[in-house]
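# need a 3D model of the following:
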Amino acid sequence: MTAPRRKRSTAPNLSFEKSFGADGHRYVAGCDEVGRGALAGPVSVGIVVVDLDATAGLRGVRDSKLLPASQREALVPRIRRWSVASAVGHATAAEVDALGLMAALRAAGSRAWADVLKTVTPDVVVLDGNHDWLSARSQGVLFQTDEGAPPVGTIACAAPVHTKIKADLTCLSVAAASVLAKVERDALMVTLAAEHPAFGWDVNKGYATEAHRGSIDAVGPSEYHRKTWRLGSMDRPDMPRVDIEG
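Numbering: from 1, shown residues only. So this is what the prediction gives:
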């Protein structure tokens, strides 16, 4: 009798990160963002750096959207100890309005990058998605506002960036980065909710729920809303439905 096949694990691992070791790379940074689709609050970018010569796996880590809040929060100190370096950078709603979403993501990523450089210089970056919004190219132009203000970035990412679709599901460093970014951004939104209780940010974290849009209709947007975005009721025909992130 043939033994039943074991179900293949869907947990993220370091296989993709370790493939860069063949090119002589040792320090690989996983990078992911949260808050892209929110109506309020920052976009936040997490970076987690692993040492291919020393790092083993880390049990329990998944893409942040697949974990309940209690598990994400419990993972944060474990991820911090497990990684060589880690950081989360933010770009405010006002920066999203002034710079555009991609440049705001680059600003947030540059802040996280500058933080990890205090400990280690990654050889290569694995970025979730199919578009490289992190690299230094064109940064001087993208970080200028219409008023000609100085660049808002800190130290631009100069390492090679490799994009990978669904990296947060398959690459352990990227999944870990998503957890750090999600926990830090959620905590910030809970704090802001105390200042603006009408919007329910402690529950919706700034994303486009019907109740959130209804509150904007009722009391108007706050200073933490992205004013260049369509913010009002989802019942209006000119209001596209925005996907809600976990």
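# can you tell me the SS state at residue 131?
coil (DSSP: H, G, I helix; E, B strand; the rest coil).
# what sits against it?
By CB atoms under 8 Å, 6 or more residues apart in numbering, the contact list for residue 131 reads 102, 163. For every residue, glycine as well, the C-beta is placed using N, CA and C.
# residue 14 too?
50, 52, 55, 57, 171, 172, 173.
# separation between the most centrally placed residue in the chain and residue 195?
By CA atoms, centre = their mean, the chain has its centre lying nearest to residue 33, at 1.6 Å. Residue 33 sits 24 Å away from residue 195, taking CB to CB, to the nearest Å as the criterion.
# picking up where we left off before, which of the contacts of residue 14 lies closest to residue 119?
residue 50 (12.5 Å; CB to CB).
# how about the CA coordinates for the helix or strand where that closest one lies, as PDB?
In this structure, residue 50 sits in strand 43-51 according to DSSP states H and E. Extracted as PDB, the C-alpha positions of strand 43-51 are listed here (Å, rounded to 0.1, in the frame of the first residue of the first chain):
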ATOM      1  CA  VAL A  43       2.600  54.000   3.800                       C
ATOM      2  CA  SER A  44       5.000  51.900   5.700                       C
ATOM      3  CA  VAL A  45       7.900  49.800   4.500                       C
ATOM      4  CA  GLY A  46       9.600  47.000   6.400                       C
ATOM      5  CA  ILE A  47      13.100  45.700   5.700                       C
ATOM      6  CA  VAL A  48      14.500  42.500   7.300                       C
ATOM      7  CA  VAL A  49      18.200  41.500   6.600                       C
ATOM      8  CA  VAL A  50      19.300  37.900   6.900                       C
ATOM      9  CA  ASP A  51      22.800  36.500   7.000                       C
END
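# could I get the buried residue list for it?
Using 16 or more other CB atoms under 10 Å as the test for burial, strand 43-51 gives 43, 44, 45, 46, 47, 48, 49, 50.
# can you check stretch 16-27 too?
16, 17, 20, 25, 26, 27.
# do the same with stretch 182-190
Within stretch 182-190, the residues that qualify as buried are 182, 183, 184, 185, 186, 188, 189, counting by 16+ other CB under 10 Å.
# of the residues you listed, which belong to strands?
Among the buried residues of stretch 182-190, DSSP state E puts none in strands.
# with pLDDT and distance to residue 222 as extra columns, can I get those in CSV?
Putting the buried residues of stretch 182-190 into CSV (pLDDT from 0 to 100; distance: CB to CB, whole Å) gives the following:
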residue, pLDDT, distance to residue 222
182, 97, 22
183, 98, 23
184, 98, 20
185, 98, 17
186, 97, 18
188, 98, 14
189, 98, 12
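# my guess is residue 46 meets residue 179, correct?
Yes - Residue 46 is in contact with residue 179 according to CB atoms under 8 Å; the separation is 7.4 Å.
# just to revisit the earlier point, what about the residue nearest to the centre of the chain, which SS state?
Three-state call for residue 33 (three-state DSSP): strand.
# which residue is the nearest non-sequential neighbour of it?
The shortest distance from residue 33 to any non-neighbouring residue, by CB to CB, 6 or more residues apart in numbering, is to residue 45 (4.9 Å).
# thought the one you found was touching residue 181?
Yes - the pair formed by residue 45 and residue 181 meets the contact definition of CB under 8 Å, at 6.2 Å.
# shared neighbours of those two, anything?
Common neighbours of residue 45 and residue 181 (criterion: CB under 8 Å, 6+ apart): 32, 33, 88.
# about what we covered before: which helices and strands does the strand holding residue 50 pack with?
The elements that strand 43-51 packs onto, with contact taken as 3 or more CB pairs under 8 Å, 6 or more residues apart in numbering; DSSP states H and E, are strand 27-34, strand 85-91, helix 101-116, helix 172-195.
# if you count contacts, what does the helix or strand hosting residue 169 end up packed against?
Assigned by DSSP H and E, residue 169 belongs to helix 167-170. Applying 3+ CB pairs under 8 Å, 6+ apart, we find helix 167-170 packed against helix 15-18, strand 27-34, strand 124-128, helix 172-195.
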